[in-house]
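Student: How does the following fold in three dimensions:
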Amino acid sequence: MPEQLTSESLQAWLNDSNNKIFVAMFNERHLAALQVVIKEKQAQMSLLTVRDITRRRGIASNLIKEVEKQLCSEGVTNLEMDLSVIKKDEKAGLVDFMQACDYKITDNKCVKNL
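Tutor: Numbering: from 1, shown residues only. Have a look, this model is predicted:
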């Protein structure tokens with residue numbers, strides 16, 4: 001994401017085809033989102049968010065599965081998420097979730113080969 005979040009910087013970020021934001025929706029409501037930055041055959045995931053009232057219903061895992069399918073079809077072979085930027089009180093839950101999604105935890109990162 002841009003250092004200064006202005007409408008212009010956000011639009012420039014989104015106009016770069018290597019930057020993607022995936023959104024899960026139901027009944028015209030945003031339920032979850034995931035930011036992805038692609039560099040060649042590697043994708044870096046960040047900012048996984050799910051609405052509080054829709055958590056624990058499989059929305060994030062379904063979103064990640066769909067993201068994996070789409071990125072794989074685009075030639076991405078490796079996905080990872082940097083855990084060093086995750087708040088300490090959220091890290092354990094995220095690690096458990098990512099491991100349940102078949103990600104390996106190495107060097108403070110969640111990693112999966114597609």
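Student: Am I right that residue 63 falls within a helix?
Tutor: Yes - according to DSSP: H, G, I helix; E, B strand; the rest coil, residue 63 belongs to a helix.
Student: Which residue is the nearest non-sequential neighbour of it?
Tutor: residue 24 (4.5 Å; C-beta to C-beta, 6 or more residues apart in numbering). Every C-beta, even on glycine, is put in place using the N, C-alpha and C of the backbone.
Student: isn't there a strand covering that neighbour?
Tutor: Yes - according to three-state DSSP, residue 24 belongs to a strand.
Student: from memory it sits against residue 65, does it?
Tutor: No - using C-beta atoms under 8 Å, residue 24 makes no contact with residue 65, being 10.7 Å away.
Student: Look at these two and report which has more neighbours.
Tutor: Higher neighbour count among residue 24 and residue 65: residue 24, with 20 against 13, using other C-beta atoms under 10 Å.
Student: Against residue 64, how distant is that one?
Tutor: 10 Å (C-beta to C-beta, to the nearest Å).
Student: try residue 45
Tutor: 8 Å.
Student: Now the common contact residues for those two.
Tutor: Here residue 45 and residue 64 have residue 34 as joint contacts, going by C-beta atoms under 8 Å, 6 or more residues apart in numbering.
Student: Which pLDDT value does the model give residue 16?
Tutor: Per-residue confidence at residue 16 stands at 89 (pLDDT).
Student: need the helices for this structure, in chain order.
Tutor: 7-15, 59-73, 88-100 (DSSP state H).
Student: most packed of those helices?
Tutor: Neighbour counts (mean count of other C-beta atoms under 10 Å) averaged over each of the helices of the chain peak at helix 59-73, with a mean of 16.
Student: For the residue lying closest to residue 95 once chain neighbours are set aside, give me its contacts.
Tutor: The shortest distance from residue 95 to any residue other than its chain neighbours is 5.9 Å, reached at residue 105 (C-beta to C-beta, 6+ apart). Residue 105 makes contacts with 83, 95, 98, 99, 111, as judged by C-beta under 8 Å, 6+ apart.
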